[in-house]
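[1] turn this into a model:
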Amino acid sequence: MKSIYVITTVVITLLQCVIQNSKAASPWLNPENPSVRSDITLLSDAGIIKTPITTWPLNWSNIKRDLFASRKGSYTPIVAAARSRLLKICNRETAKGVSNHYSFAISPAGVMPSFFSSESLRSDSLKTSYSRSWLGNQTAYDLSINAVYTGDNLYKLRFDGTYVAGIIDNWSVSLGYFDRWWGPGWKNSPIMSTNARPFPAISIRRNYSDKSENILMSWMGCWHFESVFGRIDRTETSHLLFWGRRYNIKPFEQLELSFSRTSVWGGDESEDLNSFMDVVEGAPDESSDVGQLAAFDFRLGLYLYTQKPLAIYGQYVAKNTGLYSFDNSDNIGMIGFEYTPVLSNNILSLRLFAEFESMSGFNIYDFAPSLTGYSNKGRLIGIDRADIVRSITLGGIAASSSQGNNYLINLTYLEASDIAGDSVGDGYEIAFDYSFKNWGGKIKAGMAYKDYPPSQEKENKNEDKFCFRLIWEDDFKR
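    Numbering: from 1, shown residues only. Model (predicted):
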């Protein structure tokens, strides 16, 4: 396996040098750049972007149309700068044709804390990636090859990010490995996050989130729907089927409401039609080997009402024990606030946020006895630790319009409990990310320090306190 890794790494490096006529192209925006999300959030609060923005990946079709429709508007300097930055990215990533992307990442110590970003190396020590994609009018594909060294002389080939997709009427149908983020939070999304590696899935999502012309549905405003059906790997030999559904509406320009439901079942013994029908009917855990979560989240921007870039958002997740019943003894609640201060030079865009998260019960992700865990490849699909009683996160995201530099810092305090609900201590983490253009591409450096209490989670035991990563990437042309 080591020889395969070495050969693949050499081939990927050579491909960087020989591929010609390359342009970045993608039908959607992946959850990988907090600074881009910050600009999208600001433009949504300013009324430029009309589509819901809390279900990632986001369709470029909606964002591109809204950006071009706002060309004749008059905006404050901070909003105009965010629109200019996003428009450049949009023009580059929606260009029709072939795209080639190369990256090299190293993480000599630890795993970076979870955040809104799929760029965490998770448990990888070394990764070399090459992707070749094509974007047409109705179809798109991406072939991503990742040569990974995970330590302990383990070398692997992965295809995270690979997909094929097509448009049918106003629906996008895709098959592949996607990072997803469902929710308004920055630190965590308990229902679906980028904490775990992507799993293979078929997804159906609305392409344009236009307002319905039906008089009975028009009150919902712009709306979006996505359904994801796939398989998650708890271990190398234990698998579960996964079905997730998410529905977003914007009844008012500044208010977004979202409803999500995820189901896991089968895998080892019960991958059959009966279990699937139990999922459709919402059968409770006691009568069926099915585990389900339901979530509600909201985001309210106050920019148009107060002329100040303020926002409040929240998310609530509980076990779904029936079609219309919930087990509120096991739940996760989160409330957050955002503020974008107006700086005097208007060159640096800054977003500050604060989030408070609380959990009741122990491990909301344990369902029936044979359905323990809500994870893929050893990491939870939702929050990074299921034993957290409460946590507070303070953070900031900054983007420079003149130099293209991005900055991210967040500080988290948390308290954990054992299976009996007794506190096992508190801890904290501080993380910093910095990205800048150099060496013909972009360099991203991140570091973090984590001081956690003992965990009931196997994947969190004996983690390094100090974490570091370095990434170089390029959408290259010749």
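
[2] check which helix or strand covers the residue lying closest to residue 360 once chain neighbours are set aside.
    Using CB to CB, 6 or more residues apart in numbering and skipping the chain neighbours, the partner closest in space to residue 360 is residue 331 (5.1 Å). Where C-beta positions appear, they are placed from N, C-alpha and C, glycine not excepted. If you go by DSSP states H and E, residue 331 is part of strand 326-339.

[3] now that strand - C-alpha only, CSV.
    Extracted in CSV, the C-alpha atoms of strand 326-339 (Å, rounded to 0.1, in the frame of the first residue of the first chain):
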residue,chain,number,x,y,z
PHE,A,326,-39.9,13.9,20.3
ASP,A,327,-37.8,12.8,23.2
ASN,A,328,-36.9,16.2,24.7
SER,A,329,-34.8,14.5,27.5
ASP,A,330,-32.1,14.1,24.9
ASN,A,331,-31.5,17.3,23.0
ILE,A,332,-29.0,19.9,22.0
GLY,A,333,-29.8,23.6,21.9
MET,A,334,-27.7,26.5,20.5
ILE,A,335,-28.1,30.2,20.4
GLY,A,336,-25.7,32.6,18.6
PHE,A,337,-25.1,36.3,17.8
GLU,A,338,-23.2,37.9,14.9
TYR,A,339,-21.9,41.5,14.5
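
[4] give the next helix or strand downstream of that strand.
    strand 348-360.

[5] for that following strand, what is the average pLDDT?
    What strand 348-360 shows for mean pLDDT is 89.

[6] how big is the angle separating it from strand 326-339?
    Relative orientation of strand 348-360 and strand 326-339, computed by axes from the mean of the first three to the mean of the last three CA atoms, to 10 degrees: 160 degrees.

[7] what pairs with the next helix or strand after strand 348-360, parallel or antiparallel?
    Per DSSP H and E, strand 348-360 leads on to strand 375-376 as the next helix or strand towards the C-terminus. Using DSSP bridges, the strands paired with strand 375-376 are strand 379-380 (antiparallel).

[8] who does the next helix or strand after the partner strand pair up with?
    Downstream of strand 379-380, the next assigned helix or strand under DSSP H and E is strand 388-400. Strand 388-400 has the following strand partners under DSSP bridges: strand 348-360 (antiparallel), strand 406-417 (antiparallel).

[9] so which of those strands is nearest residue 166?
    strand 406-417 (32.8 Å; CB to CB).

[10] pLDDT (mean, whole number) over that closest one?
    Averaging pLDDT along strand 406-417 yields 88.

[11] need the contact list for residue 39.
    82-83, 85-86, 349, 399 (CB atoms under 8 Å, 6 or more residues apart in numbering).

[12] among the residues you listed, who's most crowded?
    With neighbours defined as other CB atoms under 10 Å, the most crowded of these is residue 82; it has 27 neighbours.

[13] select, out of the strands paired with strand 388-400, the one closest to residue 384.
    The minimum distance between residue 384 and these falls on strand 406-417, with 10.2 Å, by CB to CB.

[14] list the buried residues for the closest one?
    Neighbour-count burial for strand 406-417 flags 406-408, 410, 412, 414-417 (criterion: 16 or more other CB atoms under 10 Å).
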